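A.B. asks: Sharing a model prediction with you, sequence too.
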Amino acid sequence: MHAMKNKFMITITDLNGSRNFLLSQIIKKIALYLVLFVFTIFVTGALYIKYLGSKIDRLSQTKTELNELNQKLRDGIAASQMEFEAIEGKIADLEHEFGLDPEADERMIDRLSHIKPTSEEEIKSRADKIVNQTFSDALIKEIFMQIPNGRVMQTYQLSEKFGWRNHPILKRKQFHPGVDLRTPLKTPIYAPADGIIQYSGAGGSGYGNLVEIRHNYGFTTRYAHLDSNLTRKVGEFVNKGDLIAFSGNTGLSTGPHLHYEIRFLQLPLNPLNFIEWNKKNYKEIFTKEEDIPWQSLIKAMQTPLKQR
């Protein structure tokens with residue numbers, strides 16, 4: 001090593017000879033390499049930090065989007081649950097109001113299953129007793145004034161019978177507690193017997209506009225899917241043949257028609273048996289509807305006649 005003016009020279013000797021290096025040049029190179037190294041580290045670090053920052057931003061954005069999607073899914077599930085519960089409630093109301101309640105069907109089946117089967121001999125014996133009775137003209141007139149009978153409309157076509165059926169809208173087997181009579185809109189409907197208007201108004205999404213008449217001796221009749229022009233109010237007395245409503249297409253309906261029910265102590269009866277019932281065949285009903293206690297009913301009707 002040789003000292004020069006303000007400089008140092010380093011001599012390195014090997015088999016190939018000697019080489020001289022100024023210390024200032026070495027320091028400059030080292031400093032340059034160090035600067036380059038530091039700059040490289042800085043740039044690389046900055047780029048990596050920028051990469052990490054952008055990745056964090058993307059992850060944060062993705063997390064936000066996932067949270068929003070999750071919230072939308074939760075809201076959608078909650079809304080669907082509420083809608084499902086609302087639909088279930090509406091179907092339950094509809095089934096109850098239209099006589100399609102599965103529990104009501106089960107109760108009906110249970111009630112029918114407890115009815116003791118009547119042999120043909122018993123039916124014939126019971127029918128013979130009442131058929132062989134002598135009915136006065138006054139009694140016959142009273143029967144046909146007090147018990148629902150005959151047509152309730154002048155023109156109609158039977159579209160659905162009484163009993164078990166595949167429901168046209170709900171698409172499942174249900175008990176149909178009446179008959180459906182296809183008829184043009186606003187066809188006049190008449191009372192089949194004397195009675196009092198027990199209900200008149202909206203019967204819910206099943207019956208639509210509904211009128212119910214309470215007759216004497218435990219009979220009631222229902223008229224569903226009526227026109228909005230309900231001519232009778234609750235509490236009004238009506239006589240056989242009085243106008244009570246007009247046919248329509250309201251409620252759970254596939255077209256203009258009248259849903260007509262006849263019940264005895266809330267037990268649905270086949271309306272066709274009563275529609276076809278008249279003074280010429282008046283004793284036939286006693287065998288067609290043998291579950292009705294006709295003997296005691298006729299006896300009850302005779303009592304006031306004897307007092308007149």
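C.D. replies: Done, it's in.
A.B. asks: Validate this expectation: residue 181 resides in a helix.
C.D. replies: No. Using DSSP: H, G, I helix; E, B strand; the rest coil, the secondary structure at residue 181 is strand, not a helix.
A.B. asks: Once you drop chain neighbours, what's closest to it?
C.D. replies: The spatial neighbour of residue 181 that comes closest, neighbours along the chain excluded (Cβ to Cβ, 6 or more residues apart in numbering), is residue 156 at 4.0 Å. C-beta here means a position set from N, CA and C on the backbone, and glycine is covered the same way.
A.B. asks: quick one, what contacts the one you found?
C.D. replies: The contact partners of residue 156, by Cβ atoms under 8 Å, 6 or more residues apart in numbering, come to 181-183, 187, 258.
A.B. asks: Tell me the secondary structure at residue 279.
C.D. replies: Reduced to three states with three-state DSSP, the structure at residue 279 is coil.
A.B. asks: Which pLDDT does the model give it?
C.D. replies: Reading off the per-residue confidence, residue 279 sits at a pLDDT of 93.
A.B. asks: again with residue 206
C.D. replies: At residue 206, the model reports a pLDDT of 84.
A.B. asks: Tell me the helix or strand right after whichever strand or helix holds it.
C.D. replies: Residue 206 is part of helix 204-207 when elements are defined by DSSP states H and E. Reading on from helix 204-207 to the C-terminus, the next helix or strand found by DSSP H and E is strand 209-214.
A.B. asks: buried sites along that following strand?
C.D. replies: Within strand 209-214, the residues scored as buried using 16 or more other Cβ atoms under 10 Å are 209-213.
A.B. asks: what's the distance between residue 67 and residue 142?
C.D. replies: According to Cβ to Cβ, to the nearest Å, residue 67 and residue 142 sit 78 Å apart.
A.B. asks: the more surrounded of the two?
C.D. replies: Shown here are residue 67 and residue 142; by other Cβ atoms under 10 Å, residue 142 has more neighbours (19 against 10).
A.B. asks: Which of the three states applies to that one?
C.D. replies: helix.
A.B. asks: Now do the helices in the stretch 51-200 of the chain.
C.D. replies: Chain-ordered helices for the stretch 51-200 of the chain, with DSSP state H, counting those that start in this stretch as the definition, fall at 102-113, 120-131, 137-146.
A.B. asks: Residues contacting the helix or strand that contains residue 220, please?
C.D. replies: When elements are defined using DSSP H and E, residue 220 is found to belong to strand 219-226. Contacts made with strand 219-226 from outside it, assessed by Cβ under 8 Å, 6+ apart, are listed as 98, 147-148, 152, 178, 189, 192-193, 195, 198, 203, 206-215, 244-251, 253, 256-264, 266.
A.B. asks: Next, the angle from it to helix 137-146.
C.D. replies: Between strand 219-226 and helix 137-146, the angle formed by their directions is 40 degrees, by axes from the mean of the first three to the mean of the last three Cα atoms, to 10 degrees.
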